[in-house]
Structure formats: C-alpha cells, structure tokens
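A.B. asks: prediction below, plus the sequence it came from.
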Amino acid sequence: MISENPRVRFAPSPTGYLHVGGLRTALYNYLFAKKNNGAFILRIEDTDRTRLVEGAVENLITTLKWAGLDYDEGPGKDGGFGPYVQSERLDIYKKYTDELVRQKKAYYCFCTSDRLKQLRDEQQKTSVQSKYDKHCLHINETEISEKLKNNEPYVIRLNVQPDEMIRIDDIIRGEVIFNSNVVDDQILLKSDGYPTYHLANVVDDHLMKITHVIRGEEWLSSTPKHILLYKYFGWEIPKFAHLPLLLNPDKSKLSKRQGDVAVEDYRAKGYLKEALVNFVALLGWSAGDDREFYYLDELCESFSLERVNKAGAVFNIEKLQSMNFAHLQKKSDEEFLKLLKEELAVSSFNNHSLNDEKLLLIIHSMKERINFVKEIILNGSYFLTRPQSYDLEAIKKHWTHESAQLLQKFAKTIHDIENPLKEDYENVLHKVAEEAGVKNAAIIHPLRLAVSGVSGGPGLFDILFILGKEETIDRINIAKELVKV
C-alpha cells in the first residue's frame, strides 16, 4: 500500500556529469511520484569535498530539465524543507550527531591514520573482515574532554551492537537480512566537520519526510547502517527499492572504459531526450507486455516499482539508436524543422539561405534514412552547397564516355520546362534515355553523382526538385568539366 502523496528524492553528488544510471534513478523517482500524486525532490549531496567539480550542480539541473524531469522541490524551489544542498546543513548534522553521542549510540574516535592502517593490515593477514575494533569506545569522559580541549582530530562513529538481525523489506528484492556483526562502526561525522553520506542521507530523508528511497543496487550494502540510524533516532523507516545494475553487453558493470556513460555525451551526439528517457525507462522495467515506445507522460501512467526487475539490465547502444529513429519518425514537421534549424545554427552552414519550405522538403526526403537530425547535414550537405569532390568509386562504376553527352541532353530538355515538378524531372530522364537507346540507369547514376557528388541518398528526383532547375543545370555543367574517365 503506497502512502498518500509519497515524497521521493534524487540525491546526486556534484562530481561532474550525470551518469545514465543516475538518469534512470532520477526517472524512476520522478515516475513514481507522478503516478502516485507525490513530490519529486532534488537534493545535492556535496559532503565529499574532495570530489566536487565546479559548475556540476548547474549542469545536473540543466540536464534534468533537458530530460523533462522537473523537480517539485530542490535548489531554487523551496517547499519548506530546505536548504536542499547538504553543505548548507552542517549545523543540522552536528546537532543530531551530538544527540547520538549523548545516548551512547555513537562515539568519538581519535585513532590516527597510521593506527587504522595497521589495524587493516593485521586483519587482512588473518583474513578477518576489515572493520573498526571499537578501540575508542572505551575512552573515558575525562580523556575525551582532554583530547577535545587539545584540538586533537577526531571523527564520530556509529556504535553498532553485535548479534542483531537487520531486516530490509525491499519493494524490488523482497526481504533482505543482514547480521549486525558484518556492519562496521561507520564514520558519521568526518574530521573536517562534514557528515558522511550515511548520516546526512538518513537525517535529510527524515527531515524532508521522504517516504520511499529509490536508489541503485550499490547502496543495498549500506542500508543496514541506515536502518540502525533510523532505529537509534527512533524515526519511522521509509520504504526501500534498490534498482538493478546497468551492465555492458559483456555483463560487466557499465563504465566509461567501455563507452559513453554521461547523459551529456548522448545529448551532444544528437540523441533525442524522448528517446533517451524511453530507452532508460526500459533498463530494468516493463509494463508486462511487448510495448517499447513511450512518451514521458505515458511512462508516468504505466510505471510501478513492482514491475522493476532484480537482474542487471544490459545497456544496448543499438537499441538506443533504433529508439531514437522511432521517436524521430514521430516528430511533426514543425518539431523536426526546429531541430534541424538548431543543428544548422551550430554547423558550418549557419549562413544558409534556404527557406522553411525547402528545409521541409529536405526533411521529407531524408527523414526515413537517418537516426539523428544532424545526419541530414552530414549526409545531405549537397542540399546546402555544391559538391567539392566526387566519389571516385562511383565514377569508375557509373561514369562512361557517354555520360557527359547524356547529361547535356537532360539539362537542355529540362531547361525548356518552366518550374518543373518532381515528375517532370523523371519524365525527361525517361525520354532522354529512350531517345538515346540506353537504360535509365545510364543517366540516373551519373546525374546523381553530378548533383550530389555521391552515389547514394534519397530519391534522385527529390534531390533535383529541391535543388531546382537552374542549380541542377549548373551542377551538371560543372561535373561535365571536372569528372574525367
């Protein structure tokens, strides 16, 4: 039973880019909130000061908004539970850490890094689990006061009790049980005064009234520490749902070593946000049928955590490309035109003189031949400028001693037609071929080469109609001079 108006959060660390796994976590939180009339909260977890990247917070927010995942509360959108950046909440964490220390549920630890290293080395030699040995738990109050007075560096650790069974009722994985004997006395407050992920996470989730914690599988092993903190504070424990790992095709964990993992990389390559969101949604979830094509609002209607798989999900780039193609084909003329203009604006053809009518003709001729809008420019540059060279293989294969004469005949015949339509170009070509006693291909291939410089592409008569009579004739004349056999 889902609580009324659930509250969920996406809590990334601002370490640079948004991983596609992070996008999926944000998406599932967003979908769950929208499906259940809840709130989607963005919280920035920036307590690890060594990993901060300048501008990363702004980039995260920009990328989420690009994907259509607008948060209800977060930086710049205070819903009464802020601040939503952890580095602005240090006094809050100190207050709750002091409370745990007073109740003997946490303790000061003054161990040096040398002692901790020696402890780890000894444990490794004897194949004992590497964990803190509670050495500082037994320091008396007088000694603690003296060390604090002398400004000795310290951390505060969780005082984990032995032999306790910690149960997690995970929405995706069912019941998961840990023995507290394998749980370390985790550091809660670091020597720099910043909390660790574990403390800040639990305190913020409680104070922000988070009802469901939806996050990656990698956090499952940390959840016992979080459960203990909830119990030590006497707080209600939220529902947990740990999402499956994202995998490379070889079943290894998705990492930058084997390809792009940043949402920003896929955006820069020209993937549509609708396609990327649709694709990521299916990495571990399905509605229980064969449907694969979704828009974001349709995902909001269909999504449920109960339909998320336990097994890792393979990130298949070919599947993403086909998804991008499918979404591209569904774009209206107006949407497609806008996308093409955006690509043209950042290309070397930003000073083109084609009007919207011509651009739409180009779109219609190439739409079914591309996976990305930018491929119109890459593969159809001849619509925007005359060929700078001609495909040598195509010349060898299709350009004969008769080609120049046949093209000259075609140019002369088309010249006499005022404002020729697409079918006029086709009729003229058939007529010239028939009169010359050659097959249509004897003109089609050299003509395509003359006007585009390449041997493939959309329909030849589409190209000629888009270029227009004068430009077609000019390109034929140029090719006749430059192409030699």
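C.D. replies: Yes, it's here. The shown structure was predicted, so the numbers you read here are calculated from the model rather than taken from an experiment.
A.B. asks: give the buried residues for stretch 93-107.
C.D. replies: 93, 96, 97, 100, 101, 105, 106, 107 (16 or more other Cβ atoms under 10 Å). From N, CA and C alone the C-beta is placed, and that goes for glycine too.
A.B. asks: give me the contacts around that stretch.
C.D. replies: For stretch 93-107, contacts defined as Cβ atoms under 8 Å, 6 or more residues apart in numbering pick out 108, 136-137, 156-159, 188-189, 193-195, 199-200, 203, 232-233.
A.B. asks: what's the answer for stretch 281-297, then?
C.D. replies: 24, 27-28, 31, 68, 243-244, 246, 274, 277-278, 299, 302-303, 307-309, 313, 315, 323, 326-327.
A.B. asks: and stretch 265-274, by the same measure?
C.D. replies: When contacts are defined by Cβ under 8 Å, 6+ apart, stretch 265-274 is touched by residues 17, 20, 63, 66-68, 260, 276, 295-296, 320, 324, 327-328, 343, 372-375.
A.B. asks: how does the chain divide into domains?
C.D. replies: Taking automatic domain parsing as the reference, the chain has its domains at 89-243, 263-329, 333-379, 386-485.
A.B. asks: any chance of these in JSON lines with mean pLDDT and distance to residue 48 as columns?
C.D. replies: Listed next are the domains of the chain as JSON lines, based on pLDDT from 0 to 100; distance: least, Cβ to Cβ, whole Å:
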{"stretch": "domain 89-243", "mean pLDDT": "96", "distance to residue 48": "8"}
{"stretch": "domain 263-329", "mean pLDDT": "96", "distance to residue 48": "21"}
{"stretch": "domain 333-379", "mean pLDDT": "96", "distance to residue 48": "35"}
{"stretch": "domain 386-485", "mean pLDDT": "96", "distance to residue 48": "52"}
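A.B. asks: now those in JSON lines, with distance to residue 78?
C.D. replies: Putting the domains of the chain into JSON lines (distance: least, Cβ to Cβ, whole Å) gives the following:
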{"stretch": "domain 89-243", "distance to residue 78": "12"}
{"stretch": "domain 263-329", "distance to residue 78": "24"}
{"stretch": "domain 333-379", "distance to residue 78": "33"}
{"stretch": "domain 386-485", "distance to residue 78": "52"}
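A.B. asks: nearest to residue 53, of the ones you listed?
C.D. replies: With Cβ to Cβ, the closest approach to residue 53 among those belongs to domain 263-329: 12.5 Å.
A.B. asks: ends of that closest one, how far apart?
C.D. replies: 22 Å (Cα to Cα, to the nearest Å).
A.B. asks: what's the spacing between it and its chain's center?
C.D. replies: Offset of domain 263-329 from its chain centre (Cα atoms, centre = their mean, to the nearest Å): 10 Å.
A.B. asks: circling back to that earlier point, which of the buried residues of stretch 93-107 lies closest to residue 358?
C.D. replies: residue 93 (60.9 Å).
A.B. asks: which residues in the protein form strands?
C.D. replies: Ranges of strands within the chain are 7-10, 39-42, 106-109, 155-158, 165-170, 174-179, 187-189, 212-216, 239-243, 246-247, 313-314, based on DSSP state E.
A.B. asks: so which of these is nearest residue 437?
C.D. replies: Using Cβ to Cβ, the nearest of the strands of the chain to residue 437 is strand 313-314, at 57.4 Å.
A.B. asks: same for that closest one, what does it pack against?
C.D. replies: Secondary-structure packing of strand 313-314 (3 or more Cβ pairs under 8 Å, 6 or more residues apart in numbering; DSSP states H and E): strand 246-247.
A.B. asks: and the strand it packs on, what does it pack against?
C.D. replies: Counting by 3+ Cβ pairs under 8 Å, 6+ apart, strand 246-247 packs on helix 20-35, strand 313-314.
A.B. asks: tell me the strands beside the last one, with direction?
C.D. replies: Yep, that's strand 313-314 we're talking about. strand 246-247 (parallel) (DSSP bridges).
A.B. asks: which residues sit against the partner strand?
C.D. replies: Residues outside strand 246-247 that contact it (Cβ under 8 Å, 6+ apart): 20, 21, 24, 253, 254, 283, 312, 313, 314, 315.
A.B. asks: 10 Å instead?
C.D. replies: 19-21, 24, 216-217, 253-255, 261, 280, 283-284, 311-316 (Cβ atoms under 10 Å, 6 or more residues apart in numbering).
A.B. asks: do stretch 396-410 as well
C.D. replies: Outside stretch 396-410, the residues that touch it by Cβ under 10 Å, 6+ apart are 390-391, 395, 425, 428-429, 431-433, 435-436, 438, 441-451, 455, 464, 472-473, 475-477, 479-481, 483-485.
A.B. asks: related to what we said a few turns ago, of the contacts of strand 246-247, buried ones?
C.D. replies: Buried among the contacts of strand 246-247 by 16+ other Cβ under 10 Å: 19-21, 24, 216-217, 254, 261, 280, 283-284, 312-313, 315.
A.B. asks: out of the strands of the chain, deepest packed?
C.D. replies: Of all those, strand 7-10 carries the top mean neighbour count, a mean of 25, counting by mean count of other Cβ atoms under 10 Å.
A.B. asks: what's that one packed up against?
C.D. replies: helix 20-35, strand 39-42, helix 197-207, strand 212-216 (3 or more Cβ pairs under 10 Å, 6 or more residues apart in numbering; DSSP states H and E).
A.B. asks: about what we covered before: out of the buried residues of stretch 93-107, which comes closest to residue 419?
C.D. replies: Out of the buried residues of stretch 93-107, the member with the shortest distance to residue 419 (by Cβ to Cβ) is residue 93, at 75.0 Å.
A.B. asks: helices along the stretch 1-150 of the chain, start to end?
C.D. replies: Along the stretch 1-150 of the chain, the segments classed as helices by DSSP state H, counting those that start in this stretch run 20-35, 56-66, 90-102, 113-125, 141-149.
A.B. asks: the shortest one - contacts with which helices or strands?
C.D. replies: Packing contacts for helix 141-149, counted by 3+ Cβ pairs under 10 Å, 6+ apart, involve strand 106-109.
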